[in-house]
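Chemist: Okay, here's the prediction I keep looking at, along with the sequence it came from:
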Amino acid sequence: MKAIPALKDLEARLGSLDGKRILVRTDFNVPMEEGRITDDFRIRAALPTLQWLQERGATVVAASHLGRPKGTSDPKYSMDAVRQRLGELAPGVELLENLRYHAGEEGNDPTFVASLVDGIDGYVNDAFGASHRAHASIVGPPQHVPSAMGRLLQREVEVLLKLRNSPQRPFVAVLGGAKVSDKLGVIDALLTTVDALAIGGAMCFTFFAAQGRSIGDSLFEPDQVDTCKRLLDTATKPIHLPSDITGLDAAGNYATFGTRLPERAKGLDIGPGSAAEFGDVVMDARTVFWNGPMGMFEDDRFAAGTKTVAQAVADTKAFTVVGGGDSAAALAEFGLDDDVDHVSTGGGASLELLEHGDLPGLAALRENAA
Ligand code: AMP
């Protein structure tokens, strides 16, 4: 298999970058509130690549999507605020308007690809968080101009493929969040590489249902019960499920339950016993991957499980990787984001790379390598 070209390979292929116009696909899909950026992490994460190109004399044109304008020029999703912040952090970098103003972006339309590479000498993909999508700006340009992965994309790929292919053991994955259906593929794939899996969040109730336990009115996915049952029956690695749950009782009062919930009760977080057990599993590991909150952490009453797991991920000596929006937001909220080895800029992309070992954006770079 061909290697994915890195920035140095692009420089070698173009002879020199001086005076060249380089299109950089970035992931500037930043959280916004009332037109203001609430966290510029994704812009800062792209700076090493942008600066590396500028230092070599390239004219850098960045392009990103923001939100879901669905192919129309909705001013709500304009890049103006991003352009202003980018101007402060990386003066001289041009920024195109929201890629998703054009239906051709998500439709991977060749005409839109042609307009993107018009006047462009080279292309760099540094948008890890969008590389699991076969969109025009991700898979199109490498077919037309010399292309490479940026530094951020390179780091993401190195870290996640190391987890997948050669982790230090024991390797433990902690998964949470709302939906099992989003994560079944990765659970299957992880079960072949991890030494243990711990499952919290609303996801655990579909597993409880598969074990025949009562779950009250907790969130679960009835159509995934059989799959969860199959996973529990066939897994050759331990799957840790919560041994206690906190939530609301039938009268709507805060309550702690065991693993069988009374009628009309709602489980909203893993309980203190489970949080301590999951924390121990993390402390004893040498590699940890964490994706998804352990409970409805946006409500302080149900943040404790997520906080205990986050603290263990921060404290453990293991190599720690946190994937995705909600877990990264939780870490930042608890002030622990500097205490993990790698916070992935892509939730869906990190799960898909762990599952498949490749992404459409990576394949496009590899297949069109010199
Ligand atoms: P996901 O996007 O699948 O990672 O899910 C993240 C969301 O799951 C967060 O907004 C949490 O509030 C929510 N969540 C986690 N645990 C629970 C639970 N037990 N009940 C309801 N929502 C939950």
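Modeler: Okay, I see it. Numbering: from 1, shown residues only.
Chemist: What residues does the chain have near the ligand?
Modeler: 177-179, 182, 201-202, 219, 267-268, 292-293, 295-296, 298, 326 (Cβ under 6 Å from any ligand atom). C-beta here means a position set from N, CA and C on the backbone, and glycine is covered the same way.
Chemist: In helices, which of the residues you listed fall?
Modeler: residue 326 (DSSP state H).
Chemist: Which among the residues of the chain next to the ligand count as buried?
Modeler: Buried subset of these (neighbour count, 16 or more other Cβ atoms under 10 Å): 177-179, 182, 201-202, 219, 267-268, 292-293, 295-296, 326.
Chemist: Where do the strands of the stretch 51-200 of the chain begin and end?
Modeler: Shown for the stretch 51-200 of the chain, the strands assigned by DSSP state E, counting those that start in this stretch span residues 59-63, 94-95, 122-125, 147-149, 171-175, 196-199.
Chemist: hmm, who's touching the fourth one?
Modeler: If you take Cβ atoms under 8 Å, 6 or more residues apart in numbering as the criterion, strand 147-149 is touched by 4-7, 9-10, 122-126, 141, 157, 362, 364-365, 368.
Chemist: For the closest residue to the ligand within the chain, give me its contacts.
Modeler: The chain approaches the ligand most closely through residue 177 (2.5 Å), counting by Cβ to the nearest ligand atom. Neighbouring residues of residue 177 by Cβ under 8 Å, 6+ apart: 183, 201-203, 291-293, 326.
Chemist: could those residues go into a markdown table alongside pLDDT?
Modeler: Shown next, in a markdown table, are the contacts of residue 177 (pLDDT from 0 to 100):
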| residue | pLDDT |
| --- | --- |
| 183 | 88 |
| 201 | 96 |
| 202 | 96 |
| 203 | 95 |
| 291 | 94 |
| 292 | 93 |
| 293 | 95 |
| 326 | 82 |
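Chemist: which of those residues sit farthest apart?
Modeler: Greatest spacing in these, by Cβ to Cβ: 202 and 291 (13.8 Å).
Chemist: Which of the helices and strands in the protein ranks last by mean pLDDT?
Modeler: Lowest by mean pLDDT, DSSP states H and E among the helices and strands of the chain is helix 325-333, with a mean of 85.
Chemist: Buried ones in that helix, by neighbour count?
Modeler: By 16+ other Cβ under 10 Å, the buried positions in helix 325-333 come out as 325-331.
Chemist: measure the residue of the chain most remote from its centre to residue 257 for me?
Modeler: Most distant from the centre of the chain: residue 251, at 36.9 Å, with distances by Cα atoms, centre = their mean. Going from residue 251 to residue 257 by Cβ to Cβ, to the nearest Å gives 14 Å.
Chemist: same question, residue 365
Modeler: Using Cβ to Cβ, residue 365 is found at 49 Å from residue 257.
Chemist: Between those two, which is the more surrounded one?
Modeler: Legend: neighbour count by other Cβ atoms under 10 Å for residue 365 and residue 257, higher for residue 365 (26 against 21).
Chemist: who's in contact with the helix or strand where that one lies?
Modeler: Assessed by DSSP states H and E, residue 365 sits inside helix 360-367. By Cβ under 8 Å, 6+ apart, the list of residues contacting helix 360-367 from outside reads 1-5, 125, 127, 130-134, 138-140, 142-143, 147-149, 153, 157.
Chemist: quick one: average confidence on that helix?
Modeler: The average pLDDT within helix 360-367 is 98.
Chemist: got it, and stretch 95-105?
Modeler: Stretch 95-105 comes out at a mean pLDDT of 98.
Chemist: Between its first and last residues, how far does it reach?
Modeler: This stretch, stretch 95-105, spans 16 Å end to end (Cα to Cα, to the nearest Å).
Chemist: tell me which residues in that stretch are buried?
Modeler: For stretch 95-105, burial by neighbour count (16+ other Cβ under 10 Å) applies to 95-102, 104-105.
Chemist: could you pull out the helices for the stretch 251-370 of the chain?
Modeler: 272-283, 304-315, 325-333, 347-356, 360-367 (DSSP state H, counting those that start in this stretch).
Chemist: nope, the stretch 51-200 of the chain is what I meant
Modeler: 80-89, 103-106, 110-117, 136-139, 151-165, 184-193.
Chemist: Deepest-packed of those helices, please.
Modeler: A comparison of the helices of the stretch 51-200 of the chain by mean neighbour count, using mean count of other Cβ atoms under 10 Å, puts helix 136-139 on top with a mean of 26.
Chemist: Identify the residues contacting that one?
Modeler: The contact list for helix 136-139, computed with Cβ under 8 Å, 6+ apart, reads 25, 63, 65, 99, 102, 104-109, 112-113, 116, 125, 127, 130-131, 360-361, 363-364.
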